[in-house]
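Trainee: What follows is a protein structure lacking sequence information:
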Ligand SMILES: [Cu+2]
């Protein structure tokens, strides 16, 4: 079934303190060429209020994951216990290369849907992608200035992204079959909006630890216990 269990522990090396944005593509701070990636200032609190009264039938899922360690935030994925088809993402996810930096540093994509890799620099880059769980190469292509390479990730998981020409460039792709995949904030807070009702497995990836829980989404707000 879905390959949550195949998602590896791929966050090492990515320094990210980021706002939680409940959409598929989370555009974040850039994946810097330096070790000391800048932290995003003013991360939006993830404890967002439930949807406004205009949408009384909406369901949100909130909770608290482990806090960031060394700037590495938790990743949370909700997967329906009963297999379900989801609409493809409204926009094709894009990982750009700008000033020798992958942007965003962490990109969520939907398994089975195309993802674009672009070179907006005036120098040649290559994009080398490796599946974290298996350490197997996914692809390695040179992308000339202004060009786009499109890849469809066929398996859920964490993927490490690098450029051999510029070894300081590093980023990560997180592919999920479920549309419910987000980053926690630095304190570990997270919030999903507009979750369809039903039973879900919650997987929290925190550094090398994986925490699994099950929840039943029914009311306006479902809280994932610590
Ligand atoms: Cu490069």
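Mentor: Structure received. This one's a predicted model, so the numbers in the text were calculated from it and none came from an experiment.
Trainee: Residue ranges in the protein under the pLDDT threshold?
Mentor: Scanning the chain for pLDDT under 70 picks out the ranges 1-56, 226.
Trainee: Quick check: residues of this protein near the ion?
Mentor: For the chain, the residues in contact with the ion (C-beta under 5 Å from the ion) are 125, 163, 165-166. C-beta here means a position set from N, CA and C on the backbone, and glycine is covered the same way.
Trainee: Weed out the non-buried ones from these.
Mentor: 125, 163, 166 (16 or more other C-beta atoms under 10 Å).
Trainee: tell me which of the residues you listed is nearest to residue 147?
Mentor: residue 125 (9.7 Å; C-beta to C-beta).
Trainee: Surely the closest one touches residue 99?
Mentor: No: judged on C-beta atoms under 8 Å, residue 125 makes no contact with residue 99 at a distance of 11.1 Å.
Trainee: For the ion, see how far away the residue nearest the centre of the chain is.
Mentor: In the chain, the centroid-proximal residue (C-alpha atoms, centre = their mean) is residue 108; its distance is 3.6 Å. Residue 108 sits at a distance of 22 Å from the ion (criterion: C-beta to the ion, to the nearest Å).
Trainee: Verify the assumption that that residue is located in a strand.
Mentor: Yes: counting by DSSP: H, G, I helix; E, B strand; the rest coil, residue 108 is located in a strand.
Trainee: What's opposite it in the beta bridge?
Mentor: residue 174 (DSSP bridges).
Trainee: What's the separation between it and residue 222?
Mentor: 21 Å (C-beta to C-beta, to the nearest Å).
Trainee: Run a quick neighbour tally on residue 212.
Mentor: Neighbours of residue 212 under the rule other C-beta atoms under 10 Å: 11.
Trainee: Distance of it relative to residue 181?
Mentor: Relative to residue 181, and taking C-beta to C-beta, residue 212 is found at 15 Å.
Trainee: cool, and residue 66?
Mentor: 17 Å.
Trainee: So between these two, which is more surrounded?
Mentor: Ranked by neighbour count (other C-beta under 10 Å), residue 66 and residue 181 place residue 181 first, with 25 against 17.
Trainee: hang on, the more buried one packs against residue 79?
Mentor: No: in this structure residue 181 lies outside contact range of residue 79 using C-beta under 8 Å: 9.2 Å.
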